[in-house]
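Undergrad: Return atomic coordinates for the entry below.
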Amino acid sequence: MTDLDAVDRCLVALLQVDGRLSHAELSRRLGVPEPTVRRRLKHLLEGGVMQIVAVPNPHKIGYGIHAIVGLRIRPGKSTDVVRHLQALREVRYVGVTAGAYDIVVEALFRDNDGFREFLTETLGGIDGLVGTETSYVLEVAKRSYKVGLAADIDGESCNAEDQAVLRRCLAALRDLGEDTEPR
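TA: Below is the predicted model:
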């Protein structure tokens, strides 16, 4: 785990709301020198703490079928099955789980033919697969990739400088239309 201070957390939080914010804008909003912002972002990106990507709405770009599939795997085969699933274009999430399923997969398809082929041919051909249970997602009620917002920072345990950065960050988040109240 990487230790992130208030500046790092605020940079991540602001970019989660608007990934197009420039170094200069981040610097202005947080009251931190632009070279510091540039250096911190480089460190966060290179360290794999975050990435900046475009996230399209799958339904708006032609992927009308969204499925969650729970897989039960023969003992000793999970690693091989995970590798196989990671390589599949349709699969956007693979989670190794404890519970009713050994692996949970989220996949997107353009049409029923692709969905059917995935279930019967692609999954059906995986060595070690014992069974599946598929859920067809009728509607996505919430889609969020926001983790660790600045509002999650305990301002009481911060030093005075970090508290000031945090206050500016929370104000910037509100300016950007982000709800910063804990739920």
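
Undergrad: didn't Arg92 look like it was pressed against Ala107?
TA: Yes - in this structure Arg92 lies within contact range of Ala107 using C-beta atoms under 8 Å: 6.7 Å. Any C-beta I mention is one placed from the backbone N, CA and C, and that applies to glycine too.

Undergrad: neighbour-wise, which of the two wins?
TA: Of the pair Arg92 and Ala107, Ala107 is the one with more neighbours under other C-beta atoms under 10 Å, namely 25 against 13.

Undergrad: is it true that that one touches Leu85?
TA: No - at 9.1 Å, Ala107 does not count as touching Leu85 under the criterion of C-beta under 8 Å.

Undergrad: Give me the common contacts of those two.
TA: Common neighbours of Ala107 and Leu85, using C-beta atoms under 8 Å, 6 or more residues apart in numbering, are Val91.

Undergrad: Go ahead and flag the most central residue of the chain.
TA: Here the mean C-alpha position of the chain is nearest to the C-alpha of Tyr145 (C-alpha atoms, centre = their mean), at a distance of 4.2 Å.

Undergrad: Pull the contacting residues for that residue.
TA: With contact taken as C-beta under 8 Å, 6+ apart, Tyr145 is in contact with 16, 55.

Undergrad: Arg29 versus that one, what's the distance?
TA: From Tyr145 across to Arg29, the span is 21 Å (C-beta to C-beta, to the nearest Å).

Undergrad: can you check Asp3 too?
TA: Applying C-beta to C-beta to Asp3 and Arg29 gives a distance of 23 Å.

Undergrad: Going by contacts, tell me the helices and strands next to the least confident helix or strand in the chain by mean pLDDT.
TA: Among the helical and strand segments of the chain, the one scoring lowest on mean pLDDT, DSSP states H and E is helix 160-175, with a mean of 90. Under the contact criterion of 3 or more C-beta pairs under 8 Å, 6 or more residues apart in numbering; DSSP states H and E, the helices and strands touching helix 160-175 comprise helix 6-17, helix 23-30.

Undergrad: And that helix, what's buried?
TA: Neighbour-count burial for helix 160-175, counted by 16 or more other C-beta atoms under 10 Å, picks out 162, 165-166, 168-170, 172-173.

Undergrad: Which member of those residues is positioned nearest Arg116?
TA: Nearest to Arg116 among the buried residues of helix 160-175, counting by C-beta to C-beta, is Leu173 at 43.9 Å.

Undergrad: can I assume Met50 sits in a strand?
TA: No - using DSSP: H, G, I helix; E, B strand; the rest coil, the secondary structure at Met50 is coil, not a strand.

Undergrad: quick one, phi psi at it?
TA: In this entry, Met50 is assigned phi and psi values of phi -150, psi 170 (degrees, to the nearest 10).

Undergrad: Tell me how far it lies from Arg9.
TA: 11 Å.

Undergrad: With Asn159 instead?
TA: Spatial separation of Asn159 from Arg9 under the definition C-beta to C-beta is 14 Å.
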